[in-house]
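S.K.: what follows is a protein structure lacking sequence information:
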């Protein structure tokens, strides 16, 4: 087998066999296949696509490039959720404690802020002392103790994905459904789960703006899970406006705590409820979705989910007093109100620009080694379909004086479209795929 | 400008501007753009194509990465010919002296054997002492003295093409019309020519098997020449059987000498005559093609072309006595006759396999640093449309006992298809594009 012949095969639109894909991934990790060959292959995959058998094979090859956890001794059912990123998307911070409080094991390996989208790990690291860098041994112990743990990708998990992802980032081969699906699933399948709930975003703040693309990605990921003998279900959910009201690390954490206290924004609470119900169903903790939803309400109402959140923070070396005293979280010294320039109804929000504005304030990384400002962000007041008057506050920018708020303000203002006719807000949950 | 954004632009099927292409080529030469980015771009170009404006811009960027000769002080009209390779294609060895003998300057930078196809430089190097590695200064002096010189690509000529070509070879991005055209034309345009005749091969022994592809390549190359203010004409010519009878370095040289002496095989002589007439027309040494053909006949008949060949060899330090005494050329000690297995008419010849058989005998390189055996090769006896009896000799293998002739014999035998119905031989010149 020669790499150049396999690149030519994919270039010409033919399917690669599992053995050929394994040869390519192994060769790339060992250094026998050069970066420039892998990048040519990735571009050919980007433009020619991959069959579902090929995507499963790619996922398996990347999965088996590292450690695959076996947690079956801890619990018979182990369920995680994956979201492909958005603005204000903090559902993990609510559903992980809810589902664990119901007795389902939740081993969650999460990501960081990427482009305009926030990351669960960065939000958790707003908590003084909180450790997301547990070793796999510590992860297992935390799971055994608390039933849930949230960590970052370790060097042992899917190293081939890590190397290939870095290459995709600089060769314009990121937004390819089979490559995205295999990347996500190779990490998720390494967690030792029995089932996975996929929250696939679509809309102006998602990586995929088009519903058909999102459905295709969801189907590809479900196909991979099935191919590897796991249960999976996907919800296609709206990302045409920020989820909830808070965008920014500690601001989002506070909104998640409020939701666990039963005081969360309706849209965010509704999505957490649906995703939790799906996880409880896959985890055999509910026999119907309706029963799952009731459980969610009960676990929030009783304070059990909040209590589980406290356990998670303590288990991962964080200061759990933040739950009761938000002043202990990083804040920002300055505020600026963004006011509508005209009267009418919010007809659309370019949500990616809201995400970018938050990143500009310091909520994300400009370079891989940039420090994050956990306290900054944007509180979104006006949502699609809501009436605004000229001069009314549509958002509040929380910033640190070391960064200018001007550009962020300008981005937020331009992201809002205000029209005289009221348009109905987009449906939060667009479809469910199994 | 960022390389990754330009790769994405081409990936999405958009056109790159001349400035963007220049940025990419310069950046690649300087090392600011990595191999893995260039290979992703090349695959995107392979699959998305390039407009003619983009192809001209790519050619110019590669051309200006090195020295561009200015030979306008030597002669007002300077004409070269380019062929995209075939089996037994030795036309340069005849037309260069013919056209120079008519007073047109012929600055010819040629290539080596590639895959199954022979190379002009290797054929010339069969001549004891012959130097193809003249410096550009020596090249200019030889042109001034003799009116024609044949050399290889120097380090000063289109270094960007050299670097990109090496990358294409290992990333399955060679057979792309815009990349092929830009590669060829960046070298040819550096020669300081005013006009170029393109001999674009099509058929079983060509790199392009399909006439439409060949026409597309020819049109792309003509478009580039025009875009850079040069005259160009293309002949689409047949490569469904070896050109002439000789395949192999010194064997082909002898056939070229015989043709210069007026004793060449009909098909080969006819193609040399047409290509020479086109060059004479572009070189203002003939006012019609018919006049060009008559000049060809006259320059062969008078011995003037043969005399020019003698001057070339002497000018480039070769032993010109080889013209009169073929025994001074490398030979091969052994012969094996390949005999037809059945009676009938030759209906087709898989000419690429004849080329491969010759390479197997040692006429080409297995690795970049392999030594060539100049004396070996294949004398082709039976051509398409000719009748053969079972046991009659269809080809003779000239080999050196250090290599086995078995595999070559098998390839030649299997390349020949013999059927009971006679098919007419393919037309040698299929079309002319201007």
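M.R.: Received it, and whenever you're ready, just let me know what you need. This structure is a prediction, so every number in the text was calculated from the model and none was measured.
S.K.: my guess is residue A:237 contacts residue A:200. True?
M.R.: Yes. The criterion here is Cβ atoms under 8 Å, and residue A:237 meets it with residue A:200 at 7.1 Å. Where you see a C-beta, it was placed from the backbone N, CA and C, and this is true even at glycine.
S.K.: quick one, phi psi at residue A:339?
M.R.: Phi and psi for residue A:339, reported as degrees, to the nearest 10, are phi -110, psi 140.
S.K.: burial measure for the nearest residue to residue A:200 once chain neighbours are set aside, as a count.
M.R.: Distances taken as Cβ to Cβ, 6 or more residues apart in numbering or on different chains place residue A:218 nearest to residue A:200, at 4.4 Å, with adjacent residues excluded. Using other Cβ atoms under 10 Å in any protein chain shown, residue A:218 has 26 other residues around it.
S.K.: how about residue A:341?
M.R.: 12.
S.K.: just say helix, strand or coil for it.
M.R.: Under DSSP: H, G, I helix; E, B strand; the rest coil, residue A:341 falls in the coil class.
S.K.: contacts only, for it.
M.R.: For residue A:341, the contact set (Cβ atoms under 8 Å, 6 or more residues apart in numbering or on different chains) comprises A:390, A:413, A:418.
S.K.: please repeat the previous calculation with a cut-off of 7 Å.
M.R.: Each residue near residue A:341 by Cβ atoms under 7 Å, 6 or more residues apart in numbering or on different chains is listed here: A:390, A:413.
S.K.: gap between it and residue A:205?
M.R.: Residue A:341 sits 22 Å away from residue A:205, taking Cβ to Cβ, to the nearest Å as the criterion.
S.K.: still on that earlier bit, pretty sure the residue nearest to residue A:200 is touching residue A:235, no?
M.R.: No. Counting by Cβ atoms under 7 Å, residue A:218 sits too far from residue A:235 to count as a contact (8.4 Å).
S.K.: quick check: residues of the stretch 51-200 of chain A near chain B?
M.R.: With Cβ under 7 Å from any Cβ of the partner chain as the criterion, the stretch 51-200 of chain A meets chain B at residues A:167, A:170-173.
S.K.: I'd like the residues you listed laid out as JSON lines, including neighbour count, secondary structure and pLDDT.
M.R.: JSON lines is the format used below for those (neighbours: other Cβ atoms under 10 Å in any protein chain shown; DSSP: H, G, I helix; E, B strand; the rest coil; pLDDT from 0 to 100):
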{"residue": "A:167", "neighbour count": "19", "secondary structure": "helix", "pLDDT": "93"}
{"residue": "A:170", "neighbour count": "19", "secondary structure": "helix", "pLDDT": "89"}
{"residue": "A:171", "neighbour count": "30", "secondary structure": "coil", "pLDDT": "93"}
{"residue": "A:172", "neighbour count": "27", "secondary structure": "coil", "pLDDT": "92"}
{"residue": "A:173", "neighbour count": "28", "secondary structure": "coil", "pLDDT": "93"}
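S.K.: which of those residues sit farthest apart?
M.R.: Using Cβ to Cβ, the pair of these lying farthest apart is A:167 and A:172, separated by 10.8 Å.
S.K.: can you list residues touching both of these two?
M.R.: Counting by Cβ under 7 Å, 6+ apart, nothing touches both residue A:167 and residue A:172.
S.K.: ok, and what's touching the helix or strand where the residue nearest to residue A:200 lies?
M.R.: For residue A:218, the host element (DSSP states H and E) is helix A:211-227. By Cβ under 7 Å, 6+ apart, the residues outside helix A:211-227 that reach it are A:52, A:55-56, A:59, A:177-178, A:180-182, A:184-185, A:196, A:198, A:200-202, A:208, A:232, A:234, A:236, A:430, A:433.
S.K.: now do the contacts for the residue lying closest to residue A:201 once chain neighbours are set aside.
M.R.: Leaving aside its chain neighbours, residue A:201 sits nearest to residue A:239 (3.9 Å; criterion: Cβ to Cβ, 6+ apart). Applying Cβ under 7 Å, 6+ apart, we find residue A:239 in contact with A:86, A:201-203, A:205-206, A:351.
S.K.: how about residue A:90?
M.R.: The contact partners of residue A:90, by Cβ under 7 Å, 6+ apart, come to A:123, A:244, A:252, A:255-256.
S.K.: gap between it and residue A:243?
M.R.: Relative to residue A:243, residue A:90 is positioned 7 Å away (Cβ to Cβ).
S.K.: got it, and residue A:104?
M.R.: Going from residue A:104 to residue A:243 by Cβ to Cβ gives 23 Å.
S.K.: got phi/psi on the nearest residue to residue A:373 once chain neighbours are set aside?
M.R.: The shortest distance from residue A:373 to any non-neighbouring residue, by Cβ to Cβ, 6+ apart, is to residue A:362 (3.3 Å). Phi and psi for residue A:362, reported as degrees, to the nearest 10, are phi 120, psi 10.
S.K.: count the neighbours of residue A:362 for me.
M.R.: 24.
S.K.: which ones are touching it?
M.R.: Going by Cβ under 7 Å, 6+ apart, residue A:362 touches A:372-373, A:376, A:400, A:403.
S.K.: please apply the same query to residue A:433.
M.R.: Residues near residue A:433 by Cβ under 7 Å, 6+ apart: A:215, A:218-219, A:222, A:234.
S.K.: who does it bridge with?
M.R.: Under the criterion DSSP bridges, residue A:433 forms beta bridges with residue A:234.
S.K.: where's it relative to residue B:259, distance?
M.R.: Separation of residue A:433 from residue B:259 (Cβ to Cβ): 71 Å.
S.K.: try residue A:243
M.R.: Plainly put, residue A:243 is 79 Å away from residue B:259 if you go by Cβ to Cβ.
S.K.: give me the more crowded residue out of the two.
M.R.: Neighbour count, other Cβ under 10 Å: between residue A:243 and residue B:259, residue A:243 has more, with 28 against 25.
S.K.: how about the more buried one: what's its closest non-neighbour residue?
M.R.: Spatial nearest neighbour of residue A:243, chain neighbours left out: residue A:88 (4.2 Å); criterion: Cβ to Cβ, 6+ apart.
S.K.: that neighbour: how many residues sit nearby?
M.R.: Neighbour count for residue A:88, taken as other Cβ under 10 Å: 30.
S.K.: tell me who's in contact with it.
M.R.: Residue A:88 makes contact with A:242-244, A:246-247, A:252, according to Cβ under 7 Å, 6+ apart.
S.K.: again, only this time at 8 Å
M.R.: A:118, A:242-247, A:252, A:268, A:380.
S.K.: what does residue A:312 give?
M.R.: A:96-97, A:100, A:146, A:148-150.
S.K.: ok, now with 7 Å
M.R.: Contacts of residue A:312 by Cβ under 7 Å, 6+ apart are A:97, A:146, A:148, A:150.
S.K.: SS state for it?
M.R.: With three-state DSSP as the basis, residue A:312 sits in helix.
S.K.: for it, give me the pLDDT.
M.R.: Residue A:312 is assigned a predicted lDDT (pLDDT) of 98.
S.K.: same deal with residue A:212?
M.R.: pLDDT at residue A:212 comes out at 90.
S.K.: if you rank the contacts of residue A:433 by neighbours, which is first?
M.R.: Highest neighbour count within the contacts of residue A:433: residue A:218, with 26 neighbours (other Cβ under 10 Å).
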